[in-house]
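**Student:** Give me the fold of what follows.
(one chain, ligands or ions: 1)
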Amino acid sequence: MRSGLGSEKVTFDGAPEPGTINFGVGQPSADLLPVDLVRKATADFLATAQPVELNYGERQGDIRFLETLAGFLSHEYGTTVKPESLFVTAGNSQALDFICALFTRPGDTVIVEEPSYFLAFQIFKDHGLNIVSIPTDEQGLDIDRLEQELGKTRPKLLYTIPSFHNPGGQTMSAARRERLVELSRKYDFLIAADEVYQLLWYEVEPPAALGTMVDRGNVLSLGSFSKILAPGLRLGWIQTSPELIGRLLDSGAVNSGGSLNHFTSHVVRHAIDLGLEQSFLQHLRRQYRLRVIAMDEALHEHIGDLASWHRPEGGYFFWLRFPEDVDTARLRLNASEYQTGFQPGANFSSIGGLGNYLRLSFAHYGVVEIREGVERLARLVHSQL
Ligand SMILES: Cc1ncc(COP(=O)(O)O)c(C=O)c1O
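**Tutor:** Next up is the predicted model:
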């Protein structure tokens, strides 16, 4: 069970109670977990696998995988990604933990966005970091406010979710990305850019990933197959500069254990080489786009009088704002009575704010359930407000 589901009742695999439509769950629905694809890619790998492929694996990652991944990202980003700029991880959660372990000491400061991904707060707390937050708006992190803060705070790390934010849904503009990278050089801090949703766009492509700026600043771009293939694979990557790759390679964990996910990287290499990953990503974009439209329509129909939101253009989430006096954490106490669920906004604040917001994920349900779930949510909201 993922602790991220809070006090909501869930079954052993993180699925909500049967009968409940819980938009608090930020995981793909069963129909978007591609067992056949993984079976084909694994069989293709095992058909010619050599014993060495079951050994530890290079610390940075298997070179064939890094080359395949670089080709995939070059195509998706529309600009060359070099294999030597990539480092295999076990997903963004592990990568973030690893970055904290290598580059910070207890008592250091990490700057986060307000709101931000609540499970990242826990990782920063595990490392004894002080969390300082900077507001966001519809263009992402407020860079002027960041610059002001940098006049008095010396952070080691800044954590941002540049594209299709969790939970805000918004995307940082290209101009702000540029300024952020400049500031990281001027004030000497590292940027941990969580680009987990960068490729999951449904309307237009977001501005260039921070991963494409690794040669110009202190950028560590965190990518993952969790949202574009399957979370259970636990496979991701860090894209960064040669100097920072050197620091990653020098860690005790990879010196002892080699590649952070060698076996799965073979399977995913075959999935990409066979073109399966690319067509699955197109499929995901089409499916999630339909869900966004359905949720947006249902919200307009049933809750439009009480809440406001921007329709997301990618990622997993709607971020609803209610009048100031609404407390969504209290609202959730009665959610099970209506067989519905969501994440209260306060979870995403590191300063005890955002009590009048809530986050809905459209990843875990198809269109029909989304419509039904929003109706239930509206009944709950109208019964309390
Ligand atoms: C912003 C953000 N970062 C990281 C993760 C988890 O990434 P991974 O599965 O690669 O560890 C999620 C998944 O919910 C997320 O929304």
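**Student:** drop to CA atoms for contacts and neighbour counts, all remaining ones
**Tutor:** Noted.
**Student:** What mean pLDDT does the top helix by length along the chain get?
**Tutor:** With DSSP state H setting the assignment, residue counts place helix 276-302 as the longest helix in the chain. Across helix 276-302, the average pLDDT comes to 98.
**Student:** who does it touch, helix- and strand-wise?
**Tutor:** Secondary-structure packing of helix 276-302 (3 or more C-alpha pairs under 8 Å, 6 or more residues apart in numbering; DSSP states H and E): helix 367-384.
**Student:** Can you tell me what sits against the helix it packs on?
**Tutor:** Contacts to helix 367-384, defined as C-alpha atoms under 8 Å, 6 or more residues apart in numbering, come from residues 21-23, 290-291, 294-295, 298-299, 302-303, 331, 334-335, 338-341, 362.
**Student:** do that again at 7 Å, thanks
**Tutor:** Identification of contacts with helix 367-384 by C-alpha atoms under 7 Å, 6 or more residues apart in numbering yields 21, 291, 294-295, 298-299, 302-303, 335, 338, 340.
**Student:** tilt between the longest helix of the chain and helix 367-384?
**Tutor:** Angle between the axes of helix 276-302 and helix 367-384 is 40 degrees (criterion: axes from the mean of the first three to the mean of the last three C-alpha atoms, to 10 degrees).
**Student:** quick one: buried residues of helix 276-302?
**Tutor:** Of the residues in helix 276-302, 276-278, 280-281, 284-285, 287-292, 294-300, 302 count as buried by neighbour count, 16 or more other C-alpha atoms under 10 Å.
**Student:** need the helices for this structure, in chain order.
**Tutor:** Remark: helices of the chain, listed N- to C-terminal, are 35-48, 63-77, 92-103, 118-126, 143-150, 174-186, 242-249, 252-257, 262-273, 276-302, 328-333, 367-384; assignment by DSSP H.
**Student:** Looking at those, which one is packed in the most?
**Tutor:** Each of the helices of the chain was scored by mean neighbour count; the highest is helix 262-273, a mean of 22, by mean count of other C-alpha atoms under 10 Å.
**Student:** Distance from the chain centre to whichever strand in the chain runs longest, please.
**Tutor:** If you go by DSSP state E, the chain has its longest strand at strand 130-137. For strand 130-137, the distance between its averaged C-alpha position and the chain's averaged C-alpha position is 17 Å (C-alpha atoms, centre = their mean, to the nearest Å).
**Student:** again, but for stretch 273-282
**Tutor:** Relative to the centre of its chain, stretch 273-282 is centred 20 Å away, using C-alpha atoms, centre = their mean.
**Student:** what's in contact with it?
**Tutor:** Contacts of stretch 273-282 with the rest of the structure, by C-alpha under 7 Å, 6+ apart, involve 37, 228, 271-272.
**Student:** export that stretch as CSV, just CAs?
**Tutor:** Extracted C-alpha coordinates of stretch 273-282, given in CSV (Å, rounded to 0.1, in the frame of the first residue of the first chain):
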residue,chain,number,x,y,z
ASP,A,273,13.9,-1.2,-30.1
LEU,A,274,10.7,-3.1,-31.1
GLY,A,275,8.8,0.2,-31.2
LEU,A,276,6.3,-1.0,-28.6
GLU,A,277,7.0,1.8,-26.1
GLN,A,278,6.6,4.5,-28.7
SER,A,279,3.1,3.2,-29.8
PHE,A,280,2.1,2.7,-26.2
LEU,A,281,3.0,6.3,-25.4
GLN,A,282,0.7,7.4,-28.3
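**Student:** quick revisit: quick one, the longest helix of the chain and helix 35-48 angle?
**Tutor:** Angle of helix 276-302 versus helix 35-48, following the same axes, to 10 degrees, is 170 degrees.
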